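Trainee: Using only what follows, build the 3D model:
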Amino acid sequence: MNRFKQLLNSFGPAIIVAAVVLGPGSILTSSKVGAQFGYPAIVAIVLAVVLMFGMVALAGRIGVIYDDSPCDQLARRLGRPAAVVVGVIVFGLVAIFQFSNNVAIVAGIAPLFESEDFSLMDGATPAIILISFNALVIFCLYWKRYLYQSIESLMKILIGLMVVAFLVNFVVVFSSPQKYVPVESTQVPDMMVLLGLMGTTFSVGGAFYQAYLVKEKGWKLLDTGRGLKDSALSISVMGLLTIVILMTATRVFYGWPEPVALGNVGEVAVQLQPLFGSWAKVIFCLGIFAGAFSSFLVNALIGGTVFSDSLGTGSRLGEGWTLRLTTVALLSGMVVALLTLSDKDSTVNLIIFAQALTVLGIPALAAALLYLGTRPDLTGERKVPAWIINLGWAGLVVAVALAIRTTIAVLDKLGL
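Mentor: Have a look, this model is predicted:
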């Protein structure tokens, strides 16, 4: 029991970042990547996890070596407009993620109530659900006095539940005989899906927030070793869970005699059939809902906090402008989701498309972190280790490549 408690205490701010990354978009996208690309896609996840660890470690160092916030440092060194650009980029990325979280809230529970005569996606029901849910989250946002402690504890619980559920299902799936003979697919895999997975796993926007979380935690330079352990542990759990979901989907879907579309949550839920039988859809949909909830509030907080900081109006979780802009982020995601929920047959595709678009803002955030981490005045114990900087540069190169490839893919999707 003591060892388990010590392990639990090893998780700190980075577990919140991992919970944001392990949202519904990541779960749905990794399932679809497994169905289309199979096991070779694991290489892409491993690469993204290593780069994500480097960025989280870099942001964590920046959070403890500077007395003020990242955007205040950018404003002091490059001018306030440079900080505002970073704030706008993060807020835009958050709005895109928040849209997918809203879509997943309804998509996660809709299959549980569908019948021949009724669908939760019909009429005004989705709007009522989303408005009610967002209202509840906003109420909790203003009601909770010690927000950081509550969020960290909740994320540990939700991540633990997801790990247990998907890991047990993974074991059962691979210990059971495959029910079909895999055939070579003639369908060309959709690169947008793979880019979406890279975008969710290598989330520099989430990593950027680590600099703020370590300050909320109260960590100083003496805690740098603890911060590295926290980053390695949390990001590894995130990566392993993503791989488990991908491998499970590969085992169940890849090489089916007929191509698998996975156009809705109910179809993806089939991967839980070996463990839960007729309860597969129920368990998977609840997992999607839990994933959405785990990243819902924190994702909006990232946008509200960084944007407020970039404007010079504060960067602490409980401050007025941070709360107000977080509320704006929540409402923005809800409005966009309400406008798109009418296309219920392409819910998964909408989420994947949104996740892929997030890649476009990553290079600027990676460059900002590298700029702050390589200043000449950082000497002695304040100097960021070379291996972290090198991982950061590698992340920037990959981020630029992903942005270019995503731009081409999006233009192709739009027929331009």
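Trainee: Give me the neighbour count for L286.
Mentor: Look at L286: counted by other C-beta atoms under 10 Å, it has 16 neighbours. Heads up, the C-betas are built off the backbone N, CA and C, glycines and all.
Trainee: Do you know the pLDDT at it?
Mentor: In the prediction, the pLDDT value recorded for L286 is 70.
Trainee: which intervals of the stretch 251-400 of the chain have sub-threshold pLDDT?
Mentor: Counting by pLDDT under 70, the stretch 251-400 of the chain has low-confidence residues at 257-281, 287, 341-360.
Trainee: can you check the stretch 1-150 of the chain too?
Mentor: Scanning the stretch 1-150 of the chain for pLDDT under 70 picks out the ranges 1-12, 24, 107-108, 111-123, 144-149.
Trainee: Just say helix, strand or coil for F97.
Mentor: Here F97 is recorded as helix under DSSP: H, G, I helix; E, B strand; the rest coil.
Trainee: Leaving aside the residues adjacent along the chain, what's closest to it?
Mentor: Excluding the flanking residues, the one nearest F97 by C-beta to C-beta, 6 or more residues apart in numbering is N299, at 5.1 Å.
Trainee: distance of the one you found from V172?
Mentor: Distance of N299 to V172, given as C-beta to C-beta, to the nearest Å: 31 Å.
Trainee: neighbour-wise, which of the two wins?
Mentor: The residue with more neighbours, out of N299 and V172, is N299; 31 against 15, by other C-beta under 10 Å.
Trainee: these two touch, right, the more buried one and G23?
Mentor: Yes. Look at N299 against G23 with C-beta atoms under 8 Å: they come within range, at 7.1 Å.
Trainee: overlap in contacts of the two?
Mentor: Residues touching both N299 and G23 by C-beta atoms under 8 Å, 6 or more residues apart in numbering: F97, N101.
Trainee: re the thing from before, residues touching the residue nearest to F97, list them.
Mentor: Counting by C-beta under 8 Å, 6+ apart, N299 has contacts V20, G23, V94, F97, Q98, N101, A329.
Trainee: And these, which two are furthest apart?
Mentor: Using C-beta to C-beta, the two most remote members of the contacts of N299 are G23 and A329, lying 14.3 Å apart.
Trainee: Tell me which of those two has more neighbours.
Mentor: G23 (30 against 24).
Trainee: residue contacts, the residue lying closest to that one once chain neighbours are set aside?
Mentor: In space, G23 comes closest to S295 once its chain neighbours are excluded; the distance is 3.5 Å by C-beta to C-beta, 6+ apart. For S295, the contact set (C-beta under 8 Å, 6+ apart) comprises A19, V20, V21, L22, G23, P24, F97, N101.
Trainee: element containing the nearest residue to the first one once chain neighbours are set aside?
Mentor: Looking back up the chat, that one is A19. When the adjacent residues along the chain are set aside, A19 lies closest to M155, with 4.0 Å between them (C-beta to C-beta, 6+ apart). Element membership for M155, per DSSP states H and E: helix 147-175.
Trainee: distance between that helix and the chain's centre?
Mentor: Its chain's C-alpha centre and that of helix 147-175 lie 15 Å apart, by C-alpha atoms, centre = their mean, to the nearest Å.
Trainee: Point out the other helices and strands that it packs with.
Mentor: If contacts are counted by 3 or more C-beta pairs under 8 Å, 6 or more residues apart in numbering; DSSP states H and E, helix 147-175 sits against helix 13-21, helix 204-217, helix 224-253, helix 273-276, helix 280-310.
Trainee: Packing partners of the next helix or strand after it?
Mentor: Sequence order places helix 191-201 as the next helix or strand after helix 147-175, per DSSP H and E. The contact analysis (3+ C-beta pairs under 8 Å, 6+ apart) places helix 191-201 against helix 24-37, helix 42-65, helix 224-253, helix 347-357, helix 386-413.
Trainee: Same list as before, these that is, but in CSV and with mean neighbour count and distance to D309 included.
Mentor: Shown next, in CSV, are the helices and strands packed on helix 191-201 (neighbours: other C-beta atoms under 10 Å; distance: least, C-beta to C-beta, whole Å):
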stretch, mean neighbour count, distance to D309
helix 24-37, 28, 25
helix 42-65, 23, 12
helix 224-253, 22, 20
helix 347-357, 25, 23
helix 386-413, 16, 20
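Trainee: re the thing from before, type out the PyMOL command that picks the buried ones from the contacts of N299.
Mentor: Selecting just the buried residues from these in PyMOL takes one command, with 16 or more other C-beta atoms under 10 Å as the test:
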select buried, resi 20+23+94+97+98+101+329
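Trainee: and stretch 132-143, how far out from the chain's middle?
Mentor: Its chain's C-alpha centre and that of stretch 132-143 lie 21 Å apart, by C-alpha atoms, centre = their mean.
Trainee: list the buried ones in that stretch?
Mentor: F133, N134, V137, I138, L141.
Trainee: In contact with the second one, which residues?
Mentor: If I follow you right, that is N134. Counted by C-beta under 8 Å, 6+ apart, N134 has contacts N102, L330, L331, M334.
Trainee: which of the residues you listed lies closest to T379?
Mentor: L330 (41.6 Å).
Trainee: burial count for the nearest residue to the closest one once chain neighbours are set aside?
Mentor: Distance criterion C-beta to C-beta, 6+ apart; nearest residue to L330, sequence neighbours excluded, is A300 at 4.7 Å. Neighbour count of A300, defined by other C-beta under 10 Å: 30.
Trainee: My understanding was that G92 contacts A364; is that so?
Mentor: No. In this structure G92 lies outside contact range of A364 using C-beta under 8 Å: 10.6 Å.
Trainee: S153 versus F293, what's the distance?
Mentor: F293 sits 14 Å away from S153, going by C-beta to C-beta.
Trainee: So between these two, which is more surrounded?
Mentor: Per other C-beta under 10 Å, whichever of F293 and S153 has more neighbours is F293, with 20 against 12.
Trainee: That one and Y142, how far apart?
Mentor: Distance of F293 to Y142, computed by C-beta to C-beta: 18 Å.
Trainee: ok, S332 - how many residues close by?
Mentor: 20.
Trainee: so which helix or strand takes in it?
Mentor: Per DSSP H and E: helix 320-340 holds S332.
Trainee: What score does Q210 have for pLDDT?
Mentor: 89.
Trainee: Hmm, it is touching A18, no?
Mentor: No. Q210 is beyond contact range of A18, at 10.4 Å (criterion: C-beta under 8 Å).
Trainee: Include distance to V168 when you put the contacts of N299 into a markdown table, please.
Mentor: Listed next are those as a markdown table, based on distance: C-beta to C-beta, whole Å:
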| residue | distance to V168 |
| --- | --- |
| V20 | 24 |
| G23 | 21 |
| V94 | 32 |
| F97 | 28 |
| Q98 | 30 |
| N101 | 25 |
| A329 | 35 |
